[in-house]
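Asker: quick one: sequence and predicted model below, then my questions.
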Amino acid sequence: MEKSIESIWKEGFLKNDALVAPKLNELYNQKSKHITDKLKRMFKFNLYAIVVMAVIVLISYSFLGVPIAGLFIAILLMGVFGLAVQQGKSLDTIEQSMTSYEYLHAFNNWVHAMITSNTKVMRFFYPLVFLASMAPIWYAIKNGEVTAKALEESDMSMLFGFPVIGLIGVAAVMIVMVIFGGTIYRWDVNLVYGRVFRKLESLVSDMEELRN
């Protein structure tokens, strides 16, 4: 790396010979550092949350009698974790010789690329997790004597010990999740990061306007 990230902030969002008041330069410099540092902390916290969730799911599903389903969800979560780690490494490659404006612009592009990539993955992540989450219900029906007997005596068509109508419902939900999984993910991201992302976009826009 030609210069550390701290050196980027010290230089400011414009070169030293720019005809911009030093105080204004420093103001945007501090705003840039504040937003990027905050987003990095949020991303790091999200990584910890994924690992904790994987452990909780694995333990809880084991107690529910479906450890394989818990392991499956944990593997999916760790796959998301691995993807996030790789994306974080790609962020390090842009921390090179540039002003804070250039870095902020590159950071914003990285955020958009990350969301686009994750949107494709989540279209399949959500339905698979939903399918695995049905395992405790299937296990309860399969091993609950009263429930199993009631289903057998009913007029419901059964398949693999599960009502066909229930399987159709699960399949329908999965199809909807595949179609709208990307939209669901964007809603989720906007709920958690939306406010900070809007500040990032606004700051980039302001800095571009000032530069021009």
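Answerer: Yes, it's here.
Asker: name the helix or strand for the closest residue to M42 other than its chain neighbours, please.
Answerer: Once flanking residues are discounted, M42 sits nearest to Y193: 6.5 Å by C-beta to C-beta, 6 or more residues apart in numbering. For every residue, glycine as well, the C-beta is placed using N, CA and C. Y193 is located in helix 164-211, with elements delineated by DSSP states H and E.
Asker: for the record, mean pLDDT for that helix?
Answerer: Mean pLDDT, computed over helix 164-211, is 86.
Asker: for the helix or strand in which L77 is found, packing partners?
Answerer: Per DSSP H and E, L77 falls inside helix 67-92. Other helices and strands packing on helix 67-92, by 3 or more C-beta pairs under 8 Å, 6 or more residues apart in numbering; DSSP states H and E, are helix 22-63, helix 100-133, helix 135-143.
Asker: and it, how far from the chain's centre?
Answerer: Relative to its chain's centre, helix 67-92 lies at 10 Å (C-alpha atoms, centre = their mean, to the nearest Å).
Asker: so that helix versus helix 135-143, what angle?
Answerer: Comparing the axes of helix 67-92 and helix 135-143 via axes from the mean of the first three to the mean of the last three C-alpha atoms, to 10 degrees yields an angle of 170 degrees.
Asker: give me the buried positions along helix 67-92.
Answerer: 69-74, 76-77, 80-81, 84, 87, 91 (16 or more other C-beta atoms under 10 Å).
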